[in-house]
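Undergrad: Okay, predicted coordinates and the sequence, questions at the end:
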Amino acid sequence: MTERERFTEGVTIPADRRAPQDRRRVLVLSPGGAQTYPVDRPRLTVGRSVDADLQVEDAALSRIHVSLSFEPLSVTDLGSSNGTRLRGQPIAANTPQPFEVGDVIDCGHTTLVVQEGMSVEVAHRIWAHEHYLTRVQDLCADGEPFAVVRARIEGVPQTMAESTLTSIVGQRDLAARYAPGEYELALRDAGLEDAEDAVAALRFGLSRAGATVSAGVALFPQDGSDAEALSSLAGRRLFGESSGEEPSGLVIESRAMVQLYELAERVAPSDLSVLVLGETGVGKEVLARHVHARSKRAAKPFVAINCGGFTEGLLESELFGHERGAFTGAVQAKPGLLETAEGGTVFLDELGEMSPATQVKLLRVLEDRTVRRLGSVEHTKVDARLIAATNKDLEDLIRRGAFREDLYYRLNGIALVVPPLRERRDEIQSFARAFAAAAAEREGRATPRFADEAIAAFMSYAWPGNVRELKNVVERAVVLARDGLIARAHLPMDRLSASIVFASPRGAPEARPAASLGEEIDSLEKQRILDALEDCGGNQSRAAEQLGISRKTLLRRLDRYGVPRPRKR
């Protein structure tokens with residue numbers, strides 16, 4: 001078997017993710033990220049002005065800084081303020097200098113490299129991690145299935161890794177830099193096989209250079225319903241970790257958490273149904289697993305399911321099982337989770353997302369302690385304890401007729417409310433150090449220290465994503481901090497500055513509005529949307545395609561910024 005056959009055996013790459021035909025392209029590495037452009041003309045100008053052929057977000061560039069010619073290859077500095085360097089040496093202004101494919105051209109804070117053999121049909125960008133999370137959250141809001149990939153690439157230069165990465169993603173996919181040598185992808189309309197094919201293509205593209213590529217995959221909506229959860233799970237799978245949210249040991253230091261876990265210890269030995277309430281990322285599943293581990297069912301299975309990750313029909317099939325032929329695609333009988341967890345515990349996460357029809361069937365199971373598979377007339381006895389969790393106000397859903405009151409009382413044998421991280425701030429440093437130790441162990445390095453400025457940033461942030469968000473921030477900082485010290489430079493300060501906590505007159509933490517950075521970002525986004533609509537004559541679908549977002553997301557943005565829905569001209 002040849003090297004290519006070994007790497008691509010059984011791989012089928014969708015048409016929009018296949019490597020295109022060999023031709024030249026320009027790789028642009030700038031403060032705004034990495035971009036690739038096809039060479040479709042004999043000459044290209046580069047600068048920060050919209051009049052440049054390649055507009056680059058770099059304040060150190062002149063408006064029209066440099067010109068690249070391709071027949072033959074030459075570079076000309078166009079009288080720029082900060083000059084141009086070829087292979088590390090400055091070049092004279094307005095004098096063409098010959099260069100070769102692969103030579104490094106530096107201008108301002110931007111690097112240009114002309115490449116051959118791995119071109120793309122459209123320009124692709126390696127986004128910053130924070131922008132990527134925002135775009136992935138938009139995909140979650142759209143509700144269409146997609147795959148998230150966290151990939152680690154070792155043994156090759158960054159330029160080669162990123163150029164190969166952009167060559168295997170589709171026009172509607174996203175690619176971002178998580179940390180040096182670590183990247184993340186969001187592949188639209190993709191399942192597990194599609195994601196594995198993309199990873200296989202990446203491995204093949206870098207195989208001749210001797211690179212090592214490892215990856216982890218998470219799927220929306222099965223594995224999570226928000227960007228932080230999907231990114232975190234893909235990261236854990238990249239490093240072969242379990243799915244729990246906690247570090248190696250529980251952090252229980254605040255008075256509220258001590259009291260909560262004392263109550264959980266008393267409840268655990270009984271068969272009482274438990275309802276766990278709290279915001280996203282506070283550790284509701286961690287608490288549910290703790291209750292199971294302290295119960296008489298600890299030796300039996302703990303089965304978790306995300307109720308918001310399935311359509312109504314699929315959720316019923318997962319919970320109750322089905323018989324062969326019960327629906328299209330049911331080629332064999334399958335027991336549901338309530339059966340497979342016999343003697344153990346079933347954890348229903350995001351309970352508030354369950355449809356009314358499924359609620360009725362679940363209530364019947366709780367009352368009769370029997371389950372009937374889809375397509376069957378027989379009832380099977382089940383013995384499983386139910387622990388449910390939600391971040392929604394179920395009593396409000398009951399008032400609005402979206403949740404059954406009788407099911408609520410059946411599940412609410414006792415309610416355990418997990419406080420948000422901003423209300424147990426004395427645990428933040430302990431969590432951060434535990435997460436840093438675990439991440440450093442994976443990296444094979446000593447646990448880094450936290451600079452006082454980093455701790456101050458942690459303590460002043462509201463942590464809307466709670467423990468899960470803190471874990472992601474710390475893990476990324478560990479990868480970035482190579483000198484054994486995590487400082488402000490290793491933290492996403494634009495994000496940590498967006499929601500500052502300060503002491504109220506009563507001493508309780510409150511959120512202070514974002515500074516001007518968020519407003520500036522909103523203003524830029526609004527203007528880009530208005531420009532796209534103008535270019536497309538008010539056609540919303542074409543404008544959304546030009547912006548790289550769905551039409552549904554575009555309409556939400558129009559409502560957010562108070563822009564009237566345009567009509568086609």
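TA: Great, that's in hand. Residues are numbered from 1 along each chain as shown.

Undergrad: pLDDT below threshold where in this structure?
TA: Within the chain, the stretches with pLDDT under 70 are 1-23, 32-34, 117-124, 208, 240-250, 328-331, 497-524, 565-569.

Undergrad: For it, identify the residue most remote from the centre.
TA: The outermost residue of the chain, judged against the average C-alpha position, is Thr95 (46.1 Å), by C-alpha atoms, centre = their mean.

Undergrad: Wait, it touches Thr76, no?
TA: Yes - contact criterion C-beta atoms under 8 Å: Thr95 and Thr76 qualify, at 6.8 Å. The way it works is simple: take the backbone N, C-alpha and C, and place the C-beta from them, glycine included.

Undergrad: returning to what we had before: and what about the residue farthest from the centre of the chain, helix, strand or coil?
TA: coil (DSSP: H, G, I helix; E, B strand; the rest coil).

Undergrad: which residues does it contact?
TA: Thr95 makes contact with Thr76, Asp77, according to C-beta atoms under 8 Å, 6 or more residues apart in numbering.

Undergrad: Next, please give the residue ranges for the helices of the stretch 401-550 of the chain.
TA: Chain-ordered helices for the stretch 401-550 of the chain, with DSSP state H, counting those that start in this stretch as the definition, fall at 405-411, 428-443, 452-460, 466-480, 493-496, 516-535, 540-547.

Undergrad: Packed most tightly, which of those would that be?
TA: Highest mean neighbour count of those: helix 466-480, a mean of 23 (counted as mean count of other C-beta atoms under 10 Å).

Undergrad: Any chance you could list what contacts that one?
TA: In contact with helix 466-480 (C-beta under 8 Å, 6+ apart) are residues 129, 178-182, 228-229, 231-232, 235, 245, 247, 279-283, 420-421, 428, 431-432, 435-436, 439-440, 443, 448, 454, 458, 463, 465, 486, 489-492, 496.

Undergrad: Could you tell me which of the residues you listed count as buried?
TA: Neighbour-count burial (16 or more other C-beta atoms under 10 Å) is assigned, among the contacts of helix 466-480, to 129, 178-179, 181-182, 228-229, 231-232, 235, 245, 247, 279-283, 420-421, 428, 431-432, 435-436, 439-440, 448, 454, 458, 463, 465, 486, 490-492, 496.

Undergrad: OK, contacts around Asp138?
TA: With contact taken as C-beta under 8 Å, 6+ apart, Asp138 is in contact with Ile549, Ser550, Thr553.

Undergrad: From Ala384, how far out is the closest residue in space to the first one that isn't next to it in sequence?
TA: Nearest residue to Ile549 in three dimensions, chain neighbours excluded: Asp138, at 6.3 Å (C-beta to C-beta, 6 or more residues apart in numbering). Summarising the geometry, the distance separating Asp138 from Ala384, computed by C-beta to C-beta, to the nearest Å, is 37 Å.

Undergrad: circling back: could you redo the helices of the stretch 401-550 of the chain as TSV and give each row distance to Thr159?
TA: Converted to TSV, the helices of the stretch 401-550 of the chain look like this (distance: least, C-beta to C-beta, whole Å):
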stretch	distance to Thr159
helix 405-411	54
helix 428-443	23
helix 452-460	30
helix 466-480	19
helix 493-496	25
helix 516-535	28
helix 540-547	27
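
Undergrad: Quick check: which of those helices is nearest to Gln171?
TA: helix 540-547 (9.3 Å; C-beta to C-beta).

Undergrad: Which is the succeeding secondary structure element to the closest one?
TA: For helix 540-547, the following helix or strand on the C-terminal side (DSSP states H and E) is helix 551-560.

Undergrad: Please save the CA atoms from that following helix in PDB.
TA: Extracted in PDB, the C-alpha atoms of helix 551-560 (Å, rounded to 0.1, in the frame of the first residue of the first chain):
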ATOM      1  CA  ARG A 551     -29.700  34.000   6.500                       C
ATOM      2  CA  LYS A 552     -31.300  33.300   9.900                       C
ATOM      3  CA  THR A 553     -28.200  34.700  11.700                       C
ATOM      4  CA  LEU A 554     -28.300  37.800   9.400                       C
ATOM      5  CA  LEU A 555     -31.900  38.500  10.300                       C
ATOM      6  CA  ARG A 556     -31.100  38.200  14.000                       C
ATOM      7  CA  ARG A 557     -28.300  40.700  13.600                       C
ATOM      8  CA  LEU A 558     -30.600  43.100  11.800                       C
ATOM      9  CA  ASP A 559     -33.000  42.900  14.700                       C
ATOM     10  CA  ARG A 560     -30.200  43.300  17.200                       C
END
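
Undergrad: Just checking the distance from it to the centre of its chain.
TA: Here helix 551-560 is found 21 Å from its chain centre; the criterion is C-alpha atoms, centre = their mean, to the nearest Å.

Undergrad: got the buried residues for that helix?
TA: Thr553, Leu554, Arg557, Leu558.

Undergrad: can you give me the angle that helix makes with helix 540-547?
TA: 100 degrees (axes from the mean of the first three to the mean of the last three C-alpha atoms, to 10 degrees).

Undergrad: Check which helices and strands helix 551-560 is in contact with.
TA: When contacts are defined as 3 or more C-beta pairs under 8 Å, 6 or more residues apart in numbering; DSSP states H and E, helix 551-560 packs onto helix 129-142, helix 516-535, helix 540-547.

Undergrad: a markdown table please, covering the ones you listed and showing distance to Ser163.
TA: Below are those laid out as a markdown table (distance: least, C-beta to C-beta, whole Å):
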| stretch | distance to Ser163 |
| --- | --- |
| helix 129-142 | 18 |
| helix 516-535 | 26 |
| helix 540-547 | 24 |
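
Undergrad: the strands in the stretch 51-200 of the chain, which residues?
TA: 54-55, 66-70, 73-77, 84-86, 89-90, 97-98, 104-107, 110-115, 124-128, 146-154, 174-179, 182-188 (DSSP state E, counting those that start in this stretch).

Undergrad: Sorry, slip of the keys, the one I care about is the stretch 301-450 of the chain.
TA: Here the stretch 301-450 of the chain has its strands, by DSSP E, counting those that start in this stretch, at 302-306, 321-322, 334-335, 345-349, 370-371, 380-381, 385-390, 414-417, 449-450.

Undergrad: would you list those in TSV and tack on mean neighbour count?
TA: Supplementary listing: these in TSV, determined by neighbours: other C-beta atoms under 10 Å:
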stretch	mean neighbour count
strand 302-306	20
strand 321-322	22
strand 334-335	16
strand 345-349	24
strand 370-371	18
strand 380-381	13
strand 385-390	25
strand 414-417	15
strand 449-450	18
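
Undergrad: which one of those lies closest to Ala532?
TA: strand 302-306 (34.8 Å).

Undergrad: now that closest one and strand 345-349, what's the angle there?
TA: Using the same axes, to 10 degrees: strand 302-306 against strand 345-349 is 20 degrees.

Undergrad: so what strands line up beside strand 302-306?
TA: On the basis of DSSP bridges, the sheet neighbours of strand 302-306 come out as strand 345-349 (parallel).

Undergrad: that older thread, quick check: the residue nearest to Ile549 vs Ser550, distance?
TA: Applying C-beta to C-beta to Asp138 and Ser550 gives a distance of 7 Å.

Undergrad: ok, now Leu491?
TA: Distance, Leu491 to Ser550, by C-beta to C-beta: 31 Å.

Undergrad: what does Asp223 give?
TA: For Asp223, the distance to Ser550 - C-beta to C-beta - is 21 Å.

Undergrad: repeat for Gln97
TA: Distance, Gln97 to Ser550, by C-beta to C-beta: 45 Å.

Undergrad: So which of these two has more stuff around it?
TA: The residue with more neighbours, out of Gln97 and Ser550 and counting by other C-beta atoms under 10 Å, is Ser550; that gives 20 against 17.
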